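Trainee: Please work out how this folds:
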Amino acid sequence: MGTLAIVVPCYNESEIIEHTISVLLKKLENLIDAALISSSSFLCLIDDGSKDITWSLIEKSIEIKSGKGNVSAIKLAGNVGHQKAMLAGMEYCGGKCDILLTTDADLQDDLSVLEEMLGEYYKGSEVVFGVRNDRRLDSWWKRNTANLYYHILDFMGVKTLKDHADFRLMSRKAVSSLSSFVESNIYIRGICVAMGFSNSIVYYGRQARIGGSPKYSLSKMFSLGWDGITSFSVFPLRLISLLGLFVFLGSLVVAVRIVYASIYLETTVPGWSSIVLPIFLLGGIQLLSLGVIGEYIAKTYIETKRRPRYLIDKVLDGVKEPHAE
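Mentor: Numbering: from 1, shown residues only. Prediction:
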């Protein structure tokens, strides 16, 4: 039996965090009783710089449950985002466990499939991906933009797994390998697919949120999606070159036509539109191209500074060291 760590990033989850802790500890207890995991398995909560009383409630819950269950908690110095907060927990727990599960505090990931995921791990999978079997709970906008995003990633040649978010189970080897990826703007969802370890998929039904409100705003989702594209593909840069080639060829055709009309037909192209419209068209293309190039340059600039991806403010560690059973 392996030691399982459940890593849960939290941000402003004061409405649900106590219930989440109770549910996850109960799940650990059931898995231990079923002899699927070691009794040294534990829960690790990462407070991503919450502005509410999430951390106070975590401290209170750990104090109440002291001696009844293994719980650790990490308070980050500031809000660094969901992916980096999750990474903080994974790196902290990586050396303390044999198996690591990542999930969200809202409990929308169906924990009833965890036994199946552990079964796939024990069969030899280094990574077990939890994949949603439907998006009925998503709004029309979110459902369709997500489908469009996956099509774009596929078109750009980015390895991805459709409808997989961050509900996954990983071996100690896979978690250790993840730590070797040192980029600042890390996109864990893509890296776990790209690593290439033996893997399997477990499908599950997405549950309704137990309370509170979603913490991924439209801007955060867009930022995460853009990180997914720019971290794994240079296609946008190549698209700019291709667009430039088409504009050049189109301009060449128009130039030949104008010269031909001037010399052989003794006519000129009338009106300001033939001058103004190309200027606006080329100006728009240039600004768009500069924006895309600027994004890649900005990412390169951030990476070269080598600043820490997160800073830990406090740690509450009630976890026993893993031991053989």
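
Trainee: Report the residue ranges of every domain in the chain.
Mentor: 4-232+308-317, 235-305 (automatic domain parsing).

Trainee: Determine which stretch of the ones you listed is the most buried.
Mentor: Most buried of these, by mean neighbour count (mean count of other CB atoms under 10 Å): domain 4-232+308-317, with a mean of 18. (C-beta placed from N, C-alpha, C; glycine too.)

Trainee: same question for that one, mean pLDDT?
Mentor: Averaging pLDDT along domain 4-232+308-317 yields 87.

Trainee: So what's the gap between it and the chain middle?
Mentor: Centre-to-centre, domain 4-232+308-317 and its host chain are 9 Å apart (CA atoms, centre = their mean, to the nearest Å).

Trainee: Pull up the distance across stretch 163-176, start to finish.
Mentor: Here the two ends of stretch 163-176 are set 25 Å apart, with distance taken as CA to CA, to the nearest Å.

Trainee: Then stretch 5-23?
Mentor: 15 Å.

Trainee: Tell me which other helices or strands the lengthiest helix in the chain touches.
Mentor: Secondary structure of the chain per DSSP state H: the longest helix is helix 273-305. When contacts are defined as 3 or more CB pairs under 8 Å, 6 or more residues apart in numbering; DSSP states H and E, helix 273-305 sits against helix 218-232, helix 235-264.

Trainee: Mind putting these into TSV with distance to D313?
Mentor: Formatted as TSV, the helices and strands packed on helix 273-305 follow (distance: least, CB to CB, whole Å):
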stretch	distance to D313
helix 218-232	22
helix 235-264	37
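
Trainee: who wins for proximity to F167 among the ones you listed?
Mentor: helix 218-232 (15.6 Å; CB to CB).

Trainee: so G78 touches K51, yeah?
Mentor: No. Here G78 lies out of contact with K51, judged by CB atoms under 8 Å, at a distance of 10.7 Å.
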